[in-house]
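[1] Structure for the following, please:
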Amino acid sequence: MDWTWLLSASAFAVAMSATPGPNNTMVVASGATYGFARTVPHMLGIAVGFPAMLVVLGTAGLPLLTDPRVHAVLKWVGAAYLLRLAWAIARADPDPAEPGAKAGASGRPLGFVRAALFQWVNPKAWIIAAGALATYTGGAEGASLAATLGLAALFGIVALPCIALWTLIGVGTARVLRTRQAVRLFNLAMAGLLVGSLVPVLGE
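    The predicted structure follows:
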């Protein structure tokens, strides 16, 4: 681990955390529906859950990354859970108590524990974990513990601000969408994007 490794791994972590995917799609919808404050546990669950997943896979679970049976199970379990979350997003109503959200809330945002556990069935999280561990820790040849912990720490540092930015995009969208119906249509669009993110995964 040196400055070259640090800069390269940091750039990778930022790119993977900031680009669209299931996590970011869900916090956009949550920010629009429930507001920033009520989405914080969801954000923290992602920011803690994915680094924890990296540590577990990097120290004890590298064979999971190359086992096709594990990939098949995770693909379909993850798809089923993403469809369930997409349904919840599509049915969500805005929170009347949060600035930037609209009146008529029902349901509740994803909490810390569920958001953290979701990383284990998030197809994008597995792709990122496999690429990150193979590239920056030695991969299947034997992951370096120091590199694994350093990589997890980097993702923990950059994930929260990236996720917060996506959440604020959702909050800002709610301020622009003036009616409850408009926000519900926005949530339907977010649910559609979440379902759409499954197409390349299920097509493999």
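[2] helix or strand right after the longest helix seen in the chain?
    For the chain, the helix with the greatest residue count under DSSP state H is helix 145-176. Per DSSP states H and E, the first helix or strand lying C-terminal to helix 145-176 is helix 180-196.
[3] what about the spatially closest residue to residue 147 that is not a sequence neighbour, how many residues close to it?
    Excluding its sequence neighbours, the residue lying closest to residue 147 (C-beta to C-beta, 6 or more residues apart in numbering) is residue 137, at 4.1 Å. Heads up, the C-betas are built off the backbone N, CA and C, glycines and all. The local packing of residue 137 (other C-beta atoms under 10 Å) involves 26 other residues.
[4] Can you tell me how far residue 137 is from residue 152?
    10 Å (C-beta to C-beta, to the nearest Å).
[5] Which neighbours do those two have in common?
    Residues touching both residue 137 and residue 152 (C-beta atoms under 8 Å, 6 or more residues apart in numbering): residue 58.
[6] Angles on the backbone of the residue nearest in space to the middle of the chain, please.
    Residue closest to the average C-alpha location in the chain (C-alpha atoms, centre = their mean): residue 23, at 2.4 Å. The phi and psi values for residue 23, taken as degrees, to the nearest 10, are phi -60, psi -50.
[7] who touches it in this structure?
    Here residue 23 is in contact with 46, 118, 122, 124-125, 163 (criterion: C-beta under 8 Å, 6+ apart).
[8] hmm, 7 Å instead?
    Applying C-beta atoms under 7 Å, 6 or more residues apart in numbering to residue 23 gives the contacts 46, 122, 163.
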